[in-house]
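>>> Okay, sequence plus prediction incoming.
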Amino acid sequence: MTERSLAIYLAAFAAALTVPLLLLAAFLTWRFAEAENRQLEAGALQRAETVAAEIDRVLSSRLAVLRALATSPAIDAGDFARFDAQAREFTSLGIDIRLRRVDGQVVVDTATRPGSPLPQWPVIDPIGDAVSLRAPVFSDLFVSRGTGTYAVAIFLPVVRNDEVVFVVSTTFSPDVFVRIMTDFQVAVPYYSSLIDRTGLVIARSSRHAEMIGRPSAAFNALTGTSGIWRGVNVEGVEVSAFYSRSPISGWILALGVEVAALNRSLWRSLVWILAVAAGLIGMATLLASFIVRRLALASTAMTDAAAAMERGQLTVVPRTGVAEVNRVGEAFGRASVKLHLQASALARANRELELRVEERGLALRASEERYRLLAENVRDMILLRNVEGRIFYASPSAQRLLGYTAEEMLGVRPADVVHPDDWSRVDAVNRAIGEGRELGFSIHRLRHKEGHWVWIQAAYSRIGGVGSDEPCIIVVVRDDTERQDQETKLRQTNEALRQFSAIVSHDLQAPLRHINMFSDMLRLKVGEGDPEAAGYATRIMASVERMQRLIRSLIAYTQVAYAQVKREDVDLAAVVREAMALLDADIAEAGATIKVFNLPRIDGDSDLLVRLFQNLIGNALKYRGEEPLVVKIRARPAGRSWEVSIEDNGIGIDPLYADRIFEMFRRLHKDESRYPGLGLGLALCRRIVESHGGEIWLDKDWPKGARFQFTLPRQRDKKDRSAGGDDAPFRTEAADRR
C-alpha cells in the first residue's frame, strides 16, 4: 500500500472547498456593492446640491426684499406708518419685517398689530455686526423674544449720508428649511441637517422638533467650503455625508445616506454566495467521504495500540496508509516504557501532597481560631445573617450592647428590635443590600432586652457568591448612644444661643433707642446756646447708631451661623445671577465687568450661597482701584470638591492679614467714609462655606488685586456638570456689563 501524508489529503479537501468559494465571493461582492453604493451616493450628492441651492435662493430672495425696503423714501421722511404699510405687503408671503433704530428701539414690526406698543430691546451681536460692517448679517439660531420659539434672522443696515441710521430685519422660522428638505424628498435613508456657524442644528429632515438647537455631532469635522464626512449623526445613525458651506449665510448643509443602506447590497451578495457555497460543499462531501474511509482504517489501528498501552503492554505498531499514524504508533511504544517509570514518581508525589494538605489544614484551623477569638472579644457586635434578616451568628458582645446572649440573638428579628420611627430607613438599607449593593450604613435605635432604646451605628457588607437564603451579610454594630447624646446637647445649645440672640436683640436695642431719643432732645434743647453740649449729644447719637449697627450685624451673623443648612440641588450659575441682581446698582455705579465662567451644580442651601457670593462680589466692588474693575468667577474640580475662585484687580490685601480678615469685626481700613462697613462680611462668608463642609482662604500669591478661593463638596450619587474651564465663559445679560 502506498503511504502518503495526511496533510496531502486535508490540503486537497480544503482547496476543493474554499478556493472557488472565496474567488466567487470576492467577485460578486465587488460587482453588486460597487453598483449599489454608486447609485445611493449619487442620489445623496444630487439632493445636497439641490437643497443647498434652494436654501440660498430663499435667503437671497429675503435679502432682496430687505434691500428694496431699505431704499424706501418713507424712511427718509420719517413716515413710519407708510413704511409699515409697505412692509406689510410681504406678510402674505410669510415674511415679517422689523425696523429699529441703532439703539435698539423698534419703530416698525409687522408681526404685531398696527398701533401696538413696540419694545426697546438691547442691541444684540448680529445688529452690532451689521452696523459696524455696514453689510447684511445672517444670524445664528436663537430663541425669539417675541414668540419664545427658535428662529433665524437677516439684519440689513439702512445707510444714509454714509451713516447707518436704521436696521431693517426679517425673522423667520427654521420650518422654512424643513419644508425645502421635504419638497426635495430628503427622507430615510437620507438625512439632512442645516447647521449655523456655532454648530447648532437649525433644521433637520427627520425629527426636526427634537433635534433643533442641539449641537451637531460632526460640526468640528466640517471644515472648508465643502467636503465629505463619515460618522454618527445626532440621531445615532452612521452616515456617509456631503457638506457645503453657504457663501451667503455661512451656514453648513450636510446631507448623507445611511451606511446601513450602502451595506445592504453586501448582505444580498452574501446570501447568493452561500447558495453557491452549499453546492460546492456537496461536491466536497464526496471527497471527504474518501478521506474519512482512509482515516477510519488508521483510527482502528490507533485504537488497538491505545488499548494495549492501557493494559500495560508494549504497543505493537501496525502499518497503515497514513504515515503520521504510523509515527504516532511508534511514539506509543516508547511512551509505554516511560509510563512505568513515571508511575512510581507519581506515587511519591502523592505522598508529599498528602503531607502538605495536612499541614495546610492545621494552619487553616489555627487561622479560624484566631478569627473566632477576634469576633468573640471585640467590643462591637458582629452579626452574620441572610437577606430575610435571619441571624446565623452573633458575637458575645451582643449581651453587653443589647442584653441578649449570643444564643438569644439567633431568634431576634430586626422588626422586633428596631425603633418604629427608624424602621423605614433601616428597611431601605436592608432592601438595597438584598438587591446586590455591596455596602450599606445606617444610624438608628434598637430596643435593649430591658426595654430602653440604644442608639447604634450599623455597617453592612454583602458576601459575594453566596445565595440570599444563606448567611450572606455581615453587620458590624457599634454603640452610638454617647455621640447622639452629645449632638442632642449641641442642638439644645444652638437653640439657646438663638434665643439669647433674640433676647439680646430686643433688650439691648430698646435702651439704645431711648438714649438716641434723649440725646436728640438734649441737642435740640441746648441748640446754639451751648455748642459744646450739642456736640456731645451728636457724638452720643453717632455712637448709639454704630452700636445699633453692631447689634444688627451680630444678629445677622447669628442667623447664618446657627441656621439649619438645606441640602438641595443648586445651580451655582443661577446663584451668582441672583447675587448680581441684588448688587445691580453697585455694579452699575462702579462701572464693573463681572465675568462668570461655567459653574457646576452642587448640593447646598441656595439662600446662604447667594449671601456668600453677594458678600464676595460686594467686597470687590468696595475695594476697587483707579482702573476699571474686572471680577472673574470660575470653578474647577479638586478631588471630591469644587474649588471656586473670585478674583479682581482692585487694591488688594496685604498677605500678612490673610488669616485675620475672616475674624468678626476685623477691618483693615479705618476710614468708614471711604470704605463703609463693620468687618463682618468675610466672617459670614467663612461661616457659610464651613456650614457646607468646605473652607475659604485668600490667595497670598495673587499678583494684582485679590483672589478669594473656597471649596464646596461635589454632588453625591449624581453626575456633576463639569465646569467649562478657563476658556468657556457663561454668558448672561448680567454676566458682562459696564
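Cool, the structure landed. Keep in mind that this is a model prediction, so the values were computed, not measured.
>>> If you count neighbours, what's buried in stretch 116-130?
Residues of stretch 116-130 classed as buried by neighbour count (16 or more other Cβ atoms under 10 Å): 118, 123, 126, 127, 130. C-beta: built from backbone N, CA, C; applies to glycine.
>>> Tell me which entries of these lie within helices.
126, 127, 130 (DSSP state H).
>>> Touching, the first one and residue 153? I think so.
Yes - the pair residue 126 and residue 153 qualifies as a contact (Cβ atoms under 8 Å) at a distance of 6.9 Å.
>>> any common contacting residues for those two?
138, 139 (Cβ atoms under 8 Å, 6 or more residues apart in numbering).
>>> Including distance to residue 593 and pLDDT, could the ones in helices among the buried residues of stretch 116-130 go into CSV?
What follows is those, written out as CSV (distance: Cβ to Cβ, whole Å; pLDDT from 0 to 100):
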residue, distance to residue 593, pLDDT
126, 22, 88
127, 21, 87
130, 25, 89
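>>> ok, of the residues you listed, which one's closest to residue 714?
In terms of Cβ to Cβ, no member of those lies closer to residue 714 than residue 126, at 38.1 Å.
>>> right, and the secondary structure at residue 146 would be what?
coil (DSSP: H, G, I helix; E, B strand; the rest coil).
>>> Distance of it relative to residue 422?
As defined by Cβ to Cβ, to the nearest Å, residue 146 lies at a distance of 56 Å from residue 422.
>>> Same check on residue 57?
From residue 57 to residue 422 the distance is 72 Å (Cβ to Cβ).
>>> So which of those two has more stuff around it?
residue 422 (16 against 12; other Cβ atoms under 10 Å).
>>> Quick check: phi and psi at the nearest residue to that one once chain neighbours are set aside.
With sequence-adjacent residues excluded and distances taken as Cβ to Cβ, 6 or more residues apart in numbering, residue 422 is closest to residue 444, at 3.6 Å. Dihedral angles phi and psi of residue 444 (degrees, to the nearest 10) take the values phi -160, psi -180.
>>> which residues does residue 444 contact?
418, 419, 422, 425, 426, 455, 456, 458.
>>> Enumerate the beta-bridge partners assigned to it.
residue 456 (DSSP bridges).
>>> Tell me the pLDDT of it.
Note on residue 444: pLDDT of 88.
>>> How are the helices of the stretch 301-450 of the chain distributed by residue range?
323-377, 397-402, 406-409, 414-417, 423-434 (DSSP state H, counting those that start in this stretch).
>>> Least confident of those helices, on average?
Least confident of these, judged by mean pLDDT, is helix 323-377 with a mean of 69.
>>> Could you list the single helix or strand in this structure with the lowest mean pLDDT?
helix 531-561 (a mean of 65; mean pLDDT, DSSP states H and E).
>>> Check which element follows that one along the chain.
As assigned by DSSP states H and E, the chain's next helix or strand after helix 531-561 is strand 568-571.
>>> Pull up the pairing partners for that following strand, direction included.
Strand 568-571 has these strand partners (DSSP bridges): strand 601-604 (antiparallel).
>>> sorry, back to before: okay if I get the buried residues of stretch 116-130 as CSV plus distance to residue 248?
Below are the buried residues of stretch 116-130 laid out as CSV (distance: Cβ to Cβ, whole Å):
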residue, distance to residue 248
118, 29
123, 24
126, 15
127, 19
130, 15
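>>> Could you pull up the mean pLDDT of stretch 149-158?
Mean predicted confidence for stretch 149-158 is 92.
>>> meant to ask about stretch 108-120, not that
Stretch 108-120 shows a mean pLDDT of 83.
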